[in-house]
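Peer 1: I would like the atomic coordinates for the input below:
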Amino acid sequence: MRRILVALTGAVLLQLALPSPAHAWWEFLEQLSGPGPFQGFDLQFRYPCFARTVRLNVATGQMEPHIERRANTLGGVLLSACRLKKDDVRWGAIDFNYRTMWTNGDVRFANNESIRFQTVGALFSYNIFNAHPDGDYVDVAAGGGAYWFSSDGFETFSGPFFEPLRIEFHPTTNFKKRVNWDHWVPILRAGYLYFPTGFDPMDFNARSPKPIGPDWVLKIGVFWDFELFNK
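Peer 2: Below you'll find the model as predicted:
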């Protein structure tokens with residue numbers, strides 16, 4: 001029943017996450033109070049991971065959870081550089097990301113030139129159901145970083161942003177350990193970016209001088225995780 005729920009949840013979110021044909025690491029960012037919507041690529045690098053390992057307690061004769069920091073050395077630049085051992089379940093991780101997105105010309109901004117949006121940042125992600133490796137399919141995360149807007153229609157400018165909430169749906173730990181094709185199963189993410197300082201419309205070379213205040217922007221993404229596991 002749990003697998004059916006995961007499949008149905010993924011199918012619904014996948015439909016929501018495809019405003020255009022999907023590509024690996026494809027992400028969609030809704031329209032700002034200024035220009036948009038944006039679409040493009042978000043490249044993730046996950047390292048380190050924090051693992052929960054079940055070990056035998058000699059004193060009681062029972063298997064008990066043991067939590068430790070696991071800084072693995074497996075190379076990887078796509079999404080994850082973590083490698084879980086046989087009885088490990090990832091309960092937390094640090095995700096670093098580089099996002100590059102763009103929007104088509106808008107007569108209101110940048111003299112109708114295309115606008116490019118880039119960010120670098122980091123988030124801490126937590127695997128909510130990590131005590132249940134057959135059902136740990138949801139992560140929540142929060143973090144922040146810096147952004148840049150650039151265009152042929154205005155001078156590049158930058159500032160801070162926060163990502164106060166990101167929800168991720170992914171295959172379970174035991175599913176990934178049982179099959180060899182788990183990296184082809186899409187990971188679905190949705191969250192919000194928050195720009196606390198707002199924007200000066202003149203930064204976008206806008207036709208209207210109306211200020212653009214602090215902004216919340218929905219983002220939806222489809223990712224593929226090529227992390228390796230010991231089966």
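
Peer 1: Can you pull the phi/psi pair for the closest residue in space to M202 that isn't next to it in sequence?
Peer 2: In this structure, M202 finds its nearest non-sequential neighbour in P209, 7.1 Å apart by Cβ to Cβ, 6 or more residues apart in numbering. C-beta: built from backbone N, CA, C; applies to glycine. In terms of degrees, to the nearest 10, the main-chain angles of P209 are phi -80, psi 10.

Peer 1: all strands of the protein, in order?
Peer 2: 26-29, 38-57, 62-70, 88-103, 115-127, 138-151, 154-169, 187-195, 215-223 (DSSP state E).

Peer 1: The fifth one: partners in the sheet, and parallel or antiparallel?
Peer 2: Based on DSSP bridges, the strands next to strand 115-127 in the sheet, each with its direction, are strand 88-103 (antiparallel), strand 138-151 (antiparallel).

Peer 1: Could you tell me the least trusted of those?
Peer 2: Lowest mean pLDDT within the strands paired with strand 115-127: strand 88-103, a mean of 90.

Peer 1: Could you give me the buried positions within that strand?
Peer 2: Residues D88, V89, R90, W91, G92, A93, I94, D95, N97, R99, M101, T103 are the ones in strand 88-103 that count as buried (16 or more other Cβ atoms under 10 Å).

Peer 1: which of those residues lies closest to Y47?
Peer 2: Nearest to Y47 out of the buried residues of strand 88-103 is I94 (Cβ to Cβ; 6.6 Å).

Peer 1: pLDDT score for the residue most central in space within the chain?
Peer 2: Nearest to the mean C-alpha position of the chain, by Cα atoms, centre = their mean, lies R189 at 5.8 Å. R189 carries a pLDDT score of 90 in this model.

Peer 1: bridging residues for it?
Peer 2: E168, G221.
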